[in-house]
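[1] need the 3D shape of this:
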Amino acid sequence: MGAFQSPKEWGPLLTAMVTPMNEDGSVNYDEAERLANFLVDEQKNTGLVIAGTTGESPTLSDKEKAELLSAVLNAVRDKAAVVFGAGTYDTEHSVHMTQAATEMGAHGVMLVSPYYNKPNQDGLYAHFRKVAESTDLPVMIYNIQGRTAVNVQTPTLVRLASDVPNICAVKEASGNLAQVAEVCASVPEGFRVYSGDDILTLPVLSVGGIGVVSVAGHVAGKQIMEMMETFFSSPPPSAGEGQGGGAYAAAQMSKKLVPLINALFITTNPIPVKYAVSLLGFKTTVYRLPMIPPTDEQKKAVKGAMREMNLIPAKAAVSPG
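    Numbering: from 1, shown residues only. This next block holds a predicted model:
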């Protein structure tokens, strides 16, 4: 098994990468390579998720997804993990995409719950198991009821983690911290739980999570990474000292991230984050319908939050996108 082909090697910060596009709406693969290198080298991401929802995967063809994966693998090489969003609402299509990613050298696949057709829990189990058994890559389940209409319940996830060896991580975006805590307490040892919500990264770490699959990592990866490292590495407060130690310091860092995260989700993801990334000099202001550009008010909110965190100069002549 090669480098990064275990969630233990994926690290704590994976950003779900946006897909740069040319003015005619085609995928800009050169810009994708440049962005991938920036996210790893400058924003300190330990991994990237390609062709996820933030990458506008519903509007990408299979060919575009494959070429995007190839471009990013070529760009980052052995510097970071590259996880491919292979899940769809069709089990056989998900198998096809998973096998293609395996052949191309992806370090893992992410499988979103089948959307729109609303399978029950036994259907979810059968779907994920069949797709996972089509590859020897590690598999991350993506639980996001807000987009799929179906929640992967904890017993189902535990059953999958126990029965299928390469299902070894989950991106938990249920928004239900009680459920995340239950997952962390129930899954087998070594199973990796990632927050799927930037705003809940620190709370998820506090109940046993290992990291985050992030959107904000595009522009504040260094700050998120520092927060997580502080949480994991700093000693706890001494007895009788009250608040302090790693958790307290990480909480102060987390508080500073809240206005930025709120701005990045002021409207449907990835609309705000593509604009935010454009403020750093990347060609990410083209969207595919049904995604549309942000309003002037939304741009103002994103730019203001980035300036507040000194992510762009306070008086810089930045293109409004």
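[2] which stretches of the stretch 101-250 of the chain have low pLDDT?
    234-245 (pLDDT under 70).
[3] tell me where the stretch 1-150 of the chain has strands.
    Ranges of strands within the stretch 1-150 of the chain are 13-16, 47-50, 81-85, 108-112, 139-143, based on DSSP state E, counting those that start in this stretch.
[4] right, so of those strands, which gets closest to Met227?
    Met227 sits nearest to strand 13-16 of all these, at 9.9 Å, using CB to CB. Just so you know, the C-beta spots here come from the backbone N, C-alpha and C atoms, and that holds for glycine as well.
[5] now the closest one - C-alpha only, PDB.
    What follows is strand 13-16, C-alpha atoms only, in PDB (Å, rounded to 0.1, in the frame of the first residue of the first chain):
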ATOM      1  CA  LEU A  13      -6.900  18.800   7.300                       C
ATOM      2  CA  LEU A  14      -8.500  17.900   4.000                       C
ATOM      3  CA  THR A  15     -10.000  20.700   1.900                       C
ATOM      4  CA  ALA A  16     -12.800  19.900  -0.500                       C
END
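[6] now do that strand: everything it contacts.
    For strand 13-16, the external contacting residues (CB atoms under 8 Å, 6 or more residues apart in numbering) are 39, 43-49, 52-55, 81, 83, 194, 211-215, 217-218, 221, 224-225, 228.
[7] want to throw the strands of the stretch 1-150 of the chain into JSON lines with distance to Ala32?
    JSON lines is the format used below for those (distance: least, CB to CB, whole Å):
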{"stretch": "strand 13-16", "distance to Ala32": "13"}
{"stretch": "strand 47-50", "distance to Ala32": "9"}
{"stretch": "strand 81-85", "distance to Ala32": "12"}
{"stretch": "strand 108-112", "distance to Ala32": "17"}
{"stretch": "strand 139-143", "distance to Ala32": "21"}
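[8] between these, which gets nearest to Leu311?
    Closest to Leu311 of the strands of the stretch 1-150 of the chain is strand 13-16 (CB to CB; 14.6 Å).
[9] residues in contact with stretch 67-81?
    The contact list for stretch 67-81, computed with CB under 8 Å, 6+ apart, reads 3-4, 9-11, 14, 17, 19, 27, 29-30, 32-34, 36-37, 40-41, 45-48, 50-51, 55, 60, 82, 84, 101, 104-108.
[10] tell me where the stretch 101-250 of the chain has helices.
    Taking DSSP state H, counting those that start in this stretch, the helices of the stretch 101-250 of the chain run over residues 121-132, 145-148, 154-163, 177-186, 201-206, 217-233, 245-264.
[11] and the first one, what does it pack against?
    Meaning helix 121-132. helix 91-104, strand 108-112, strand 139-143, helix 154-163, strand 167-172 (3 or more CB pairs under 8 Å, 6 or more residues apart in numbering; DSSP states H and E).
[12] want to throw these into CSV with mean neighbour count and distance to Val277?
    Listed next are the helices and strands packed on helix 121-132 as CSV, based on neighbours: other CB atoms under 10 Å; distance: least, CB to CB, whole Å:
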stretch, mean neighbour count, distance to Val277
helix 91-104, 18, 24
strand 108-112, 26, 20
strand 139-143, 25, 22
helix 154-163, 18, 32
strand 167-172, 26, 21
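[13] need those in TSV with distance to Glu64, can you?
    Compiled in TSV, the helices and strands packed on helix 121-132 are given as follows (distance: least, CB to CB, whole Å):
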stretch	distance to Glu64
helix 91-104	12
strand 108-112	17
strand 139-143	20
helix 154-163	29
strand 167-172	22
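[14] dead centre of the protein: give me the residue that sits there.
    For the chain, the residue nearest the mean C-alpha position is Val213 (2.9 Å; CA atoms, centre = their mean).
[15] quick check, that residue in contact with Lys171.
    Yes. Val213 lies in contact with Lys171 (CB atoms under 8 Å); the separation is 4.6 Å.
[16] joint contacts of the two?
    Shared contacts of Val213 and Lys171 (CB under 8 Å, 6+ apart): 110, 140, 194-196.
[17] which pair in these has the greatest spatial separation?
    Put simply, by CB to CB the two of the shared contacts of Val213 and Lys171 set farthest apart are Met110 and Ser195, 14.0 Å from each other.
[18] not counting sequence-adjacent ones, nearest residue to Gly146?
    Closest residue to Gly146 apart from its sequence neighbours, by CB to CB, 6 or more residues apart in numbering: Gly175 at 7.0 Å.
[19] no no, Thr268
    Closest to Thr268 by CB to CB, 6+ apart is Met291, at 7.2 Å.
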